[in-house]
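A.B. asks: Provided below are the primary sequence and the corresponding predicted coordinates.
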Amino acid sequence: MDPLVHLRRNFIKVDESIKFKNTTTHEIYKIIRSLKSKDSHGYDGISTRILKLSAPYIVPHPLISIINRILLSGIFPDRLKYSEVKPLFKSGNASDLVNYRPVSLLTSFSKIIEKLIYQKFYHFFEQQNILVKEQHGFRIKNYPRRQLRSPFLITF
């Protein structure tokens with residue numbers, strides 16, 4: 001099916017606005033558990049390893065309240081958009097700057113909120129049947145075998 005035809009048919013059914021429900025402590029704990037335990041951190045100095053250790057103390061009240069306010073207002077706080085950019089050595093001569101690539105270190109809290117918003121958008125798109133089956137990128141449980149069966153497979 002032509003993707004544009006699919007969108008025209010299905011966008012008629014879509015609600016005009018997306019209203020996210022409040023999140024639960026279970027959702028937040030699940031996201032925190034899914035983060036890799038690392039010692040690297042953003043400008044706030046809180047690594048995912050520390051976040052996982054402190055989760056039982058911060059998720060039930062302060063974190064869940066902040067996240068639900070973000071979802072309700074639809075505004076992602078500017079302070080959580082900041083990242084710390086550090087050079088990461090690739091290979092070769094360490095004194096040559098071309099042998100480094102920039103790495104952005106986000107805060108652990110922004111990673112949690114980003115994952116939660118992704119999940120909520122994805123659920124909305126699936127529920128409203130917005131994504132066509134030929135849409136393979138960033139899909140949950142989308143195995144490469146499905147792409148091989150797609151009529152839109154282009155080879156060079």
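C.D. replies: The structure has been received and is ready for your questions. In this text, all values refer to a predicted model and were calculated from it rather than measured experimentally.
A.B. asks: For the lengthiest helix in the chain, list every residue counted as buried.
C.D. replies: For the chain, the helix with the greatest residue count under DSSP state H is helix 108-127. Neighbour-count burial for helix 108-127 flags 108, 109, 110, 111, 112, 113, 115, 116, 117, 120 (criterion: 16 or more other CB atoms under 10 Å). C-betas here are computed from N, CA, C, even on glycine.
A.B. asks: Spell out which two among these are the most distant pair, please.
C.D. replies: Distances among those were taken as CB to CB; the most separated pair is 108 and 120, at 19.1 Å.
A.B. asks: picking that back up, just name whatever secondary elements the longest helix of the chain is in contact with.
C.D. replies: Counting contacts by 3 or more CB pairs under 8 Å, 6 or more residues apart in numbering; DSSP states H and E, helix 108-127 packs against helix 25-34, helix 48-58, helix 64-73.
A.B. asks: Now that helix: average pLDDT?
C.D. replies: Per-residue pLDDT over helix 108-127 has a mean of 91.
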